[in-house]
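# With the sequence up front, the predicted model follows.
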Amino acid sequence: MHRLLEPLLACPACGGELRLAAGAEELICVDSRAGAGHVWPVVRGIPRFVGNLRTAGAETRTVRAFERQWQSYGRLRRIFGKDPRAMRANLVGARMGQRIDADWYRGKTVLDAGCGHGRYLRAFADMGAQVVGLDIGRGPEEAGVPLDDPALAVVQGSVLEAPFRDQSFDLVFSDGVIHHTPDAHAAYLELARLVKPGGALYIWVYPQEGRLRELVFGTARKLTTRLPGSAVRLLSFAVAPLTLFVRSYSGTRLGQATWGECAQVVHDWIAPPLQSHHTWDEVAGWAAEAGLVDPEELPIPTGITAWKPDPERGTHASAGR
């Protein structure tokens, strides 16, 4: 198991302390107040906290859809039309909020919650952060995330039951993830729990679109989310030109990106059964509920960075938006 994880992990079932068993093949919960008894496997060096994942239904089908996506597209040089340099650029300046620049990351501990293809893990590490990637599926492995990198670690688990101690991270980053869970609101509150005082939570979720787009895509997805994975992949390639006419939040558009990269965007739209759409004000309300302050509206629709107050530094809430 990666050395970064030992001081961060906690039992997702009860919040108890975890200890690595002899042989490093499982983590055992030793919190007697919670009755102990919870045991979690460590496979290929990755702690696996997915024992509660249902074996059927929309949640599992969503996980499998993304695992197939990263099997198909995760090792491409560009993801969503962005190469590693462009992905690093996404993590500084206006895209993340005005307080965060490249120097801010040096020495910080970052969680990429729902890390999927894992490219942002490398980007955070390149800017001097120690970074943990959390994903409920095996997407990071399918995409070839290096599991022996000293600056980054991978954990398999849910953003709804994050297997980490309270206030463990300077930044919790979750880009295009929690709207693919059964409860985006609950996922936001869970991730806010993990932010250190003085740290930040960055979230981007799908925005609510106009009635026509919501109706057309909602109706189509009732069919496409039931198709076999191979059929979804073929359909994604067939309708990749949709990116010429329908806004892609990553900026991926046929003519500026390859056909395969555009197919990847379409796959995101049509494959996962779980998908919810939200407004900026709704997400800002979640931030306030979680006790976060200074919410900043970002250039990407429904992107928001908010901060956890640090009483020792006199941080306080700002007035309004």
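Cool, got the structure. No experiment lies behind these values; they were computed from the predicted model shown. Residues are numbered from 1 along each chain as shown.
# Excluding its own residues, what touches stretch 121-134? List them.
By Cβ atoms under 8 Å, 6 or more residues apart in numbering, the list of residues contacting stretch 121-134 from outside reads 4-5, 8, 84, 87-88, 90-92, 102, 105-115, 118, 140, 145, 149, 151-157, 159, 162-164, 169-171, 173. Where you see a C-beta, it was placed from the backbone N, CA and C, and this is true even at glycine.
# please redo it, this time with the cut-off set to 7 Å
By Cβ atoms under 7 Å, 6 or more residues apart in numbering, the residues outside stretch 121-134 that reach it are 4-5, 8, 84, 87-88, 91, 102, 105-115, 118, 140, 145, 149, 151-155, 157, 159, 162.
# pLDDT (mean, whole number) over that stretch?
For stretch 121-134, mean pLDDT rounds to 96.
# out of everything not next to it in sequence, what's closest to residue 289?
In space, residue 289 comes closest to residue 189 once its chain neighbours are excluded; the distance is 6.8 Å by Cβ to Cβ, 6 or more residues apart in numbering.
# ok, the closest residue to residue 205 other than its chain neighbours - contacts?
Among residues not flanking residue 205 along the chain, residue 179 sits closest, at 4.3 Å (Cβ to Cβ, 6+ apart). Residues in contact with residue 179, defined by Cβ under 7 Å, 6+ apart, are 205-206, 275-278.
# and residue 179, which of the three is it?
helix (DSSP: H, G, I helix; E, B strand; the rest coil).
# measure it to residue 239 for me?
Going from residue 179 to residue 239 by Cβ to Cβ, to the nearest Å gives 21 Å.
# now residue 85
Here residue 85 is placed at a distance of 29 Å from residue 239 (Cβ to Cβ).
# quick one, which of these two is more surrounded?
Comparing residue 85 with residue 239 by other Cβ atoms under 10 Å, the one with more neighbours is residue 239, at 17 against 9.
# Verify the stated contact: the more buried one with residue 266.
Yes: between residue 239 and residue 266 there is a contact under Cβ atoms under 7 Å: 5.7 Å.
# Any regions of this structure where pLDDT drops low?
Counting by pLDDT under 70, the ranges of the chain that qualify are 24, 32-36, 52-56, 314-321.
# which helices and strands sit right next to the lengthiest strand in it?
With secondary structure taken from DSSP state E, the chain has its longest strand at strand 195-204. Secondary-structure packing of strand 195-204 (3 or more Cβ pairs under 7 Å, 6 or more residues apart in numbering; DSSP states H and E): strand 169-175, helix 184-193, strand 303-307.
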